[in-house]
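>>> Requesting a structural model of the entry that follows:
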Amino acid sequence: MDKIPTTPDTLLDTIRTFYTPSRWHFITITGVDQGEKIELIYSFSEIGEMESYRHLALTLPYDQTLPTITPLIPSAWIAEAELVDLFGLSVSGAKGGLFLDEDGVKAPLRGSK
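Have a look, this model is predicted:
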């Protein structure tokens, strides 16, 4: 899998360089716990093209707030809510409580708590 590197500061600009809703489909955001940091992989597929994907990758510490991509891709709110619930990540404007019960385990996919 080819990953295009980006950073939290350049994420929105990186997406703007290629993303148009009529050409690209946002798939999901995958989180990979790396102890004190998390790697995030934003996956897109090209509409009407077989095996044409674009993956953006960034790594950030858990104590840093991730910018939301919902101004560009409104449907990304659900993937961002998943990051909040399952990893305890702070995403600007994203709310938790969608996937986990209030009294349940917090950030179950995060190894370092």
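
>>> Enumerate every residue touching the spatially most central residue of the chain.
Here the mean C-alpha position of the chain is nearest to the C-alpha of residue 29 (C-alpha atoms, centre = their mean), at a distance of 3.6 Å. Taking C-beta atoms under 8 Å, 6 or more residues apart in numbering as the definition of contact, the neighbours of residue 29 are 40, 41, 42, 43, 76, 79, 80, 82, 83. C-beta: built from backbone N, CA, C; applies to glycine.

>>> For residue 30, see how far away the second one is.
According to C-beta to C-beta, to the nearest Å, residue 41 stands 4 Å off from residue 30.

>>> now the strand or helix carrying residue 42, how far from the chain's geometric center?
Secondary structure here is read from DSSP states H and E; on that basis residue 42 sits in strand 37-46. Between the centre of strand 37-46 and the centre of its host chain there is 6 Å, according to C-alpha atoms, centre = their mean, to the nearest Å.

>>> One more: stretch 47-67?
Offset of stretch 47-67 from its chain centre (C-alpha atoms, centre = their mean): 6 Å.

>>> ok, now stretch 17-35?
Shown here is stretch 17-35, whose average C-alpha point lies 7 Å from the average C-alpha point of the whole chain (C-alpha atoms, centre = their mean).
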